[in-house]
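K.L.:
From the sequence below, what's the structure:
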Amino acid sequence: MSESVKLIAPTGVLGIGFSYRSFQEALSEDPDVIACDAGSTDWGPYHLGAGTSWSGRDQTMRDLEILMKGARDLKVPLLIGTTGFSGSDPGLSWTREIALEIAERNGLSFKLATIRSEVTPEWVNAKVDGNDVYSLDGVKELTNETVDDATRIVAMMGPEPFQAALNEGADIVLAGRASDAAVYASFPLNVGVDPANCWHMGKLVECGNAISEPVSAGACIVGEVDDSGFSVHPAGDSARCTTHRVAAHMLYENSSPYLLREPPGTLDTTNARYVQLDDKTVRVSGSAFLEEPYSVRLEGVEAVGFRSICLVGLRDPAVISQIDLFTSEVASLLQRSAPRRFGVEADQFKISFRRYGLDAVLGDLDPQRHSERTYEIGLVVEVLASTQLVAHQLVAASLPYIMHGVQVPGTQHSANGALSYSPSVMDLGRAYNWTVWHAAKLNNPLEPFPIHYEMVGA
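P.N.:
Numbering: from 1, shown residues only. Sure, this is the predicted structure:
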């Protein structure tokens, strides 16, 4: 029977913010470790491709400084996963530089471990050639060509790289792409706590105050896990955990309410019990963990050109009722005129439309797509092209067609569109698509995750 482990999960993403008062309350409960996730794929493929963070430098520094000072005051480890928002090498370096600046400013000294997760095309191709890669979520089989065309690929580490760093005496661990749950499960797993409880708690606390209410309180979550189960509660008096809210988090970013695949196996919460211990604390027990052949998810993106957009508001009922015809006519006019006006053939760019107020979120799957209740559409005009200049010019060239050049039955002059911003055309820079969404089998959980150690401070 191992001893219990207590941890702090301050927030769902480093840089999104949390209550300083709640964090101080959490520190007073004498945690064994502080852990925090720093990234997500929710914001799409751009940040992995560009190697940049959604969270700004000031936001990240604010959160990280509080966590580092708290961890060093208590002399407990601080574990950060998916640094730089995507776990890319540039994102990891960026976070390390912030951590070093914080250390110098506050006179902190510690052993720092940085764990890379960006993998080379050669490494991935060797896995492909060895039939050690399989597809996830119905995507196509991974090929060497797709790997070679990728801008950047990261592997999602499990708990073992964190454990290796802890065993080498690291005080602060900054890791590249990591399983959200693994960041939190790694420490209790390392001291021998039951894997099912470690993984289940890791899954539930990975988004911080998402399992508490009100979420707006920004409360930090304190989790305590042992061999018989675990408990979670928000620090301070401004929020509470309930059985309903805690149990519901198994559905978050998960296709099953009971099963969660992680690198070493699958968490099964089918028989889990959620008990309200007091007004703010929930106790969970009864989960199981099935060990399986070790694998890690691969996430990769490919640059697909440059994107420019424009937002046009439409309220004309005749245009809205024939929006498919209207947008197809606009696209056709631009495709026909682009070769002679800009020297760009129709197959060298892509124009598309998102119709907010109609079907921009679900597309053809929207059950209300043909509803007569739609009275206003925010039409996002988007062009992907080989250069930013071409994309910008083509969006600009589409606007006269939208405003004046296309008539559908029931209109007399134009679409009566409203340009939402001036300047109307906005350049979004290089665009990326997900092209690698696969899993790679590993014989060694540390294989693609090199660890670097350094002493920081006096």
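
K.L.:
Using CSV, write out every CA atom in the lowest-mean-pLDDT helix or strand in the chain.
P.N.:
When the helices and strands of the chain are compared on mean pLDDT, DSSP states H and E, helix 317-321 comes out lowest with a mean of 90. As requested, C-alpha coordinates have been extracted for helix 317-321 and formatted as CSV (Å, rounded to 0.1, in the frame of the first residue of the first chain):
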residue,chain,number,x,y,z
PRO,A,317,-33.6,37.5,-47.6
ALA,A,318,-33.4,36.8,-51.3
VAL,A,319,-29.6,36.3,-51.1
ILE,A,320,-29.8,34.3,-47.9
SER,A,321,-32.4,31.9,-49.4
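
K.L.:
quick one: buried residues of that helix?
P.N.:
Buried residues in helix 317-321, counting neighbours by 16 or more other Cβ atoms under 10 Å, are found at 319-321. (C-beta placed from N, C-alpha, C; glycine too.)

K.L.:
how far does the helix or strand following it sit from the chain's center?
P.N.:
Tracing the chain C-terminally past helix 317-321 and defining elements by DSSP states H and E, one meets helix 323-342 next. When distances are taken as Cα atoms, centre = their mean, to the nearest Å, helix 323-342 is centred 35 Å away from the chain's centroid.

K.L.:
same thing with stretch 320-335?
P.N.:
Centroid separation for stretch 320-335 versus its chain: 34 Å, with Cα atoms, centre = their mean.

K.L.:
Going by neighbour count, which residues in it are buried?
P.N.:
In terms of neighbour count (16+ other Cβ under 10 Å), stretch 320-335 has its buried residues at 320-323, 326-327, 329-331, 333-335.

K.L.:
For the nearest residue to Gln276 once chain neighbours are set aside, give me its contacts.
P.N.:
The spatially closest residue to Gln276, leaving aside those adjacent along the chain, is Thr243, at 5.3 Å (Cβ to Cβ, 6 or more residues apart in numbering). Under the criterion of Cβ atoms under 8 Å, 6 or more residues apart in numbering, the contact list for Thr243 reads 274-276, 282.

K.L.:
So what's the predicted local confidence for Thr243?
P.N.:
As predicted, Thr243 sits at a pLDDT of 97.

K.L.:
residues near Phe342, how many?
P.N.:
Summarising burial for Phe342: neighbours were counted as other Cβ atoms under 10 Å, giving 17.

K.L.:
Can you tell me the closest non-neighbouring residue to it?
P.N.:
Gln393 (5.9 Å).

K.L.:
what helix or strand does that neighbour sit in?
P.N.:
Using DSSP H and E, Gln393 falls within helix 388-400.

K.L.:
Buried residues in that helix, which are they?
P.N.:
By neighbour count, with 16+ other Cβ under 10 Å as the criterion, the buried positions of helix 388-400 are 388, 390-399.

K.L.:
Tell me the one of the residues you listed nearest Val13?
P.N.:
Using Cβ to Cβ, Gln388 is the member of the buried residues of helix 388-400 that lies nearest Val13, at 29.2 Å.

K.L.:
Could you pull up the contacting residues of that closest one?
P.N.:
Gln388 sits next to 306, 308, 427, 429 when contact means Cβ under 8 Å, 6+ apart.

K.L.:
Can you read off the pLDDT for it?
P.N.:
Reported pLDDT at Gln388 in the predicted model: 98.

K.L.:
neighbours around Arg297, how many?
P.N.:
Burial measure for Arg297: 20 neighbouring residues, criterion other Cβ under 10 Å.

K.L.:
residue boundaries of the helices in the stretch 51-200 of the chain?
P.N.:
Ranges of helices in the stretch 51-200 of the chain, per DSSP state H, counting those that start in this stretch, are 57-74, 89-106, 121-129, 144-149, 160-167, 180-190, 195-205.

K.L.:
The ones you listed: which one's closest to Glu25?
P.N.:
For those, proximity to Glu25 was assessed by Cβ to Cβ; helix 57-74 is nearest, at 11.3 Å.

K.L.:
Which residue, other than its chain neighbours, is closest to Ala431?
P.N.:
Nearest one to Ala431, counting by Cβ to Cβ, 6+ apart, is Arg307 at 4.2 Å.

K.L.:
what's the burial count for the one you found?
P.N.:
The local packing of Arg307 (other Cβ under 10 Å) involves 22 other residues.

K.L.:
doesn't Tyr432 make contact with it?
P.N.:
No: applying Cβ atoms under 8 Å, one finds Arg307 not in contact with Tyr432, separated by 9.7 Å.

K.L.:
Next one, pLDDT for Asp237 please.
P.N.:
At Asp237, the pLDDT value in this model is 89.

K.L.:
Oh, that last question was meant for Val406, not what I typed.
P.N.:
Looking at Val406, its pLDDT stands at 86.

K.L.:
Name all residues that make contact with it.
P.N.:
Taking Cβ under 8 Å, 6+ apart as the criterion, Val406 is in contact with 326, 329-330, 333, 415.

K.L.:
If we use 10 Å, what do you get?
P.N.:
Contacts were defined as Cβ atoms under 10 Å, 6 or more residues apart in numbering; by that measure Val406 touches 319, 325-330, 332-333, 400, 414-415.

K.L.:
So which elements touch the helix or strand harbouring His47?
P.N.:
With the criterion set as DSSP H and E, the secondary-structure element containing His47 is helix 46-50. Applying 3 or more Cβ pairs under 10 Å, 6 or more residues apart in numbering; DSSP states H and E, one finds that helix 46-50 contacts helix 89-106, strand 152-155, strand 295-314, strand 426-441.
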